[in-house]
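# Just a sequence and a predicted model for now, questions to come.
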Amino acid sequence: MHLSAVVPTLNGRDRLASTLDALADLTPETEVVVVNGPSADGTTGMVRERDDVDVLVEIADRSIAAARNAGIDRATGDAVALVDHGLSIRPGWRDAVLDGLADVSVVTGPTHRQLRAGHRTETVESRTIAGRRVTYFNSGNVAFRREVLDDYDGFDEYLTVGSARDLAHRIAVGDDEVSWSPSMAVEQTYGADGGEPERDWNWKYRGLSYRLVKNYGVRPTVVRRLVSHSGRDALAALRDVARGDTDPSAWFGTGRAVLGGMAVGLKDGLGARAGDRTERRNPRGRSARSDRAVTVYDWR
């Protein structure tokens, strides 16, 4: 089985370099495709100076879903892995990928994070929604059989966040299985990602409502999940107000962002559901456009 590794990046030159170093050291036979968003930190020059990258795809879109799709388009492997920049694969990663894909369609593994207070490792996460068992995968450390990405048309580019979880919902429709392999590990050191990004509440709920309605329609379980998520976040934000960590005006502003995002997501999710009635539910997937790449450097 020929393995391709797609590494999306945006203004992460130094973190990307450590990822590429690990891939070159531990799995030199893997095809490496770097997809560079409109970076302004010299990423292009750094990659072009290396001899261990097979393809560099430059795109103008800042969307991670578009970057993943652009990389999948250029990868030639019958197995395609996605590795986030700033993550270093661990020994045994490639064997775990190939062993896993010999039995299932998707395999994923943990990200080890070194924290000041110790070490944290992610675990598998599954949910049953409307009778469908959904196993989520680690979007920064996952590998697919090529036919799965083709069958479901890659990632939904409507989503600026949550496109990996959306794909997990869609994969759960068929017979394709997602497997968790502890040996398929990557590592991220403390502070490598620059800290926790500020949350965009509007897009969180826009994306959540969109993917739930698109994949399941408007049904009680969808409404219940939206109410449950928003209720928990509202209570957590209210506790911040009570402690004096947040102004009441900011709390009300967050509420408006949540409700506004939810309304737009519901509307657009219904439109997407009507726009693609097939099981892949992906009206804005890989096949929807062919203009993602601005420049392609192919050294194969």
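Good, I have the coordinates.

# pLDDT score for residue 193?
Per-residue confidence (pLDDT) for residue 193: 46.

# pLDDT (mean, whole number) over the one helix or strand residue 73 maps to?
Take DSSP states H and E as the rule and residue 73 turns out to sit in helix 64-74. Mean pLDDT, computed over helix 64-74, is 97.

# Just the strands from the protein, written as ranges.
Using DSSP state E, the strands of the chain run over residues 3-9, 31-36, 55-59, 79-83, 88-89, 106-108, 111-115, 118-121, 125-129, 132-136, 141-145, 178-180, 186-188, 293-298.

# what would these look like in CSV with mean neighbour count and mean pLDDT?
No exception for glycine: its C-beta is placed from N, CA and C like everyone else's. Formatted as CSV, the strands of the chain follow (neighbours: other C-beta atoms under 10 Å; pLDDT from 0 to 100):
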stretch, mean neighbour count, mean pLDDT
strand 3-9, 25, 98
strand 31-36, 26, 98
strand 55-59, 22, 98
strand 79-83, 25, 98
strand 88-89, 24, 95
strand 106-108, 26, 98
strand 111-115, 15, 76
strand 118-121, 10, 54
strand 125-129, 13, 91
strand 132-136, 15, 94
strand 141-145, 25, 98
strand 178-180, 21, 95
strand 186-188, 21, 92
strand 293-298, 13, 97
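
# mind putting those strands in a markdown table, distance to residue 239 included?
What follows is those, written out as a markdown table (distance: least, C-beta to C-beta, whole Å):
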| stretch | distance to residue 239 |
| --- | --- |
| strand 3-9 | 35 |
| strand 31-36 | 40 |
| strand 55-59 | 41 |
| strand 79-83 | 36 |
| strand 88-89 | 37 |
| strand 106-108 | 33 |
| strand 111-115 | 23 |
| strand 118-121 | 23 |
| strand 125-129 | 25 |
| strand 132-136 | 27 |
| strand 141-145 | 33 |
| strand 178-180 | 33 |
| strand 186-188 | 29 |
| strand 293-298 | 46 |
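
# ok, and the helix or strand in the chain with the lowest average confidence?
strand 118-121 (a mean of 54; mean pLDDT, DSSP states H and E).

# contacting residues around residue 129?
Residue 129 makes contact with 169, 212, 216, 221, 225 under the criterion C-beta atoms under 8 Å, 6 or more residues apart in numbering.

# and those residues, which are buried?
Buried members of those, counted by 16 or more other C-beta atoms under 10 Å: 169, 212, 216, 225.

# can you tell me which of those lies nearest to residue 267?
Nearest to residue 267, judged by C-beta to C-beta, of those is residue 212 at 13.1 Å.

# Chain neighbours aside, what residue packs nearest to that closest one?
Nearest residue to residue 212, sequence neighbours excluded (C-beta to C-beta, 6 or more residues apart in numbering): residue 222, at 4.7 Å.

# likewise residue 103?
That would be residue 179: by C-beta to C-beta, 6+ apart, it lies 7.0 Å from residue 103.

# For the one you found, give the beta-bridge partners.
Counting by DSSP bridges, residue 179 forms beta bridges with residue 107.

# shaky segments in the protein?
Scanning the chain for pLDDT under 70 picks out 114-121, 189-198, 251.

# Map the structural domains onto the sequence of it.
Listed domain ranges for the chain are 3-196+284-298, 201-275 (source: automatic domain parsing).

# residues contacting the residue lying closest to residue 135 once chain neighbours are set aside?
Leaving out its chain neighbours, the residue that sits closest to residue 135 by C-beta to C-beta, 6+ apart is residue 178, at 4.1 Å. Residue 178 sits next to 104-108, 135-137, 168, 171 when contact means C-beta under 8 Å, 6+ apart.
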